[in-house]
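Peer 1: show me the folded form of this:
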Amino acid sequence: MTDIGRLNRLKVVKELDFGVYLDGGELGEILMPIRYVPVPCNIGDELEVFVYRDSEDRLIATTEKPFAMVGEFALLKVVSVTSMGAFLNWGLMKDLLVPFGEQKPRMEEGKSYVVRIYLDEESNRIVGSARLDDFLYRESEGELEAGEEVSIFISNKSDLGYQVIVNDTYWGLLHNNEVAVPPRRGERLTGYIKNIREDGRIDLCLHSQPSEKTDDVSQLIIRALRKNDGFITTTDKSSPEEIQQQFGVSKKMYKKAVGALYKKKQITIETDGIRLLNAWGRKES
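Peer 2: Numbering: from 1, shown residues only. This next block holds a predicted model:
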């Protein structure tokens with residue numbers, strides 16, 4: 001399947017003076033103009049190309065890559081405004097159209113805006129939109145976990161920090177105290193889920209945090225028990241600060257891991273601490 005607005009590997013099926021034609025499958029043969037054709041290039045070769053429609057609505061393949069693909073976000077500069085809308089430079093010969101209905105606020109020539117690249121279903125053309133809320137969720141919906149590595153796109157500066165786009169799908173917040181060097185608007189970075197709040201909102205950080213997956217935290221507890229002769233005084237009644245200092249995780253996750261170990265009969269919970277059990281359910285000595 002050939003995807004308009006994304007990279008594809010397509011086979012050369014015809015050579016002409018003005019370029020080559022590639023096998024676009026259900027989209028038919030797609031022209032790659034001669035200026036994009038690599039040397040050497042022969043029938044049967046597979047090329048990695050970006051597919052889009054030119055100003056005459058023809059499908060074109062190019063070896064050039066835009067600043068962002070369909071489904072992604074980018075900070076792009078307006079090069080002209082016409083009766084159709086604003087045209088933004090996105091790294092290709094043909095500029096990206098953002099119709100007036102997709103602008104928020106009205107775009108001005110020379111200024112840069114964060115836009116989402118998408119394929120318009122009616123025209124089958126690639127366009128941009130600055131109405132970002134139409135494409136993003138504000139809550140994680142249970143799809144993300146604390147400690148998970150994610151892609152973050154810096155969208156806007158706020159009083160609390162930076163409003164970021166997580167995995168091109170969710171809004172998130174990178175707090176000021178998580179940033180040593182201020183990131184640039186439009187910059188794409190690797191980040192980590194620091195916390196998912198009760199309302200589903202996502203807090204980010206730029207450095208890997210201790211994993212908060214139950215199995216990983218359970219292993220931390222087991223290692224601590226073995227290091228301390230099978231007994232530790234940190235229980236689910238301990239303060240969040242004590243748990244964070246010893247294990248680097250939230251109290252909620254610690255209690256969850258302790259409960260999992262107890263159900264597996266790997267520990268026993270005593271009044272003053274947690275004790276490790278051996279394979280036969282006895283206290284380890």
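Peer 1: list the contacts for the closest residue to residue 240 other than its chain neighbours?
Peer 2: Excluding the flanking residues, the one nearest residue 240 by CB to CB, 6 or more residues apart in numbering is residue 251, at 4.2 Å. Bear in mind the C-beta positions are built from the backbone N, C-alpha and C, glycine included. Contact partners of residue 251, counting by CB atoms under 8 Å, 6 or more residues apart in numbering, are 236, 238-240, 243-244.
Peer 1: do a quick rundown of the strands in the stretch 101-250 of the chain.
Peer 2: 112-119, 126-129, 149-157, 161-166, 170-175, 188-196, 202-205, 231-232 (DSSP state E, counting those that start in this stretch).
Peer 1: re the thing from before, look up how far residue 234 lies from the residue nearest to residue 240.
Peer 2: 10 Å (CB to CB, to the nearest Å).
Peer 1: quick check, pLDDT for residue 214.
Peer 2: At residue 214, the model reports a pLDDT of 72.
Peer 1: just checking, it touches residue 257?
Peer 2: Yes: between residue 214 and residue 257 there is a contact at 5.3 Å, judged by CB atoms under 8 Å.
Peer 1: of the two, who's got more company?
Peer 2: residue 257 (24 against 15; other CB atoms under 10 Å).
Peer 1: now for the more buried one, which secondary structure element holds it?
Peer 2: Under the criterion of DSSP states H and E, residue 257 resides in helix 251-263.
Peer 1: just after that helix, pick out the following helix or strand.
Peer 2: strand 267-270.
Peer 1: how about stretch 219-235: buried residues?
Peer 2: Within stretch 219-235, the residues scored as buried using 16 or more other CB atoms under 10 Å are 220-221, 224-225, 230-232, 234-235.
Peer 1: where's residue 119 relative to residue 80, distance?
Peer 2: 22 Å.
Peer 1: sorry, slip of the keys, the one I care about is residue 191.
Peer 2: 34 Å.
Peer 1: give me the number of residues near the nearest residue to residue 115 once chain neighbours are set aside?
Peer 2: In space, and not counting its chain neighbours, residue 115 is closest to residue 128: 3.9 Å by CB to CB, 6+ apart. Counted by other CB under 10 Å, the residues lying close to residue 128 total 27.
Peer 1: so who does residue 128 touch?
Peer 2: Taking CB under 8 Å, 6+ apart, we find residue 128 in contact with 76, 88, 90, 96-98, 102, 115-118.
Peer 1: was I right to think residue 79 contacts residue 97?
Peer 2: No: counting by CB under 8 Å, residue 79 does not reach residue 97; the two are 11.2 Å apart.
Peer 1: just the ones in helices from the buried residues of stretch 219-235, please.
Peer 2: 220-221, 224-225 (DSSP state H).
Peer 1: reformat those residues as TSV; add distance to residue 10 and pLDDT.
Peer 2: Shown next, in TSV, are these (distance: CB to CB, whole Å; pLDDT from 0 to 100):
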residue	distance to residue 10	pLDDT
220	49	87
221	53	91
224	55	90
225	58	92
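Peer 1: so which of those comes closest to residue 109?
Peer 2: Checking these against residue 109 by CB to CB gives residue 220 as the nearest, at 55.6 Å.
Peer 1: could you measure from the residue nearest to the closest one when sequence neighbours are not counted over to residue 14?
Peer 2: Of all residues not flanking residue 220 in the chain, residue 247 sits nearest, at 5.4 Å (CB to CB, 6+ apart). Distance of residue 247 to residue 14, computed by CB to CB: 63 Å.
Peer 1: kind regards, and thank you for your time.
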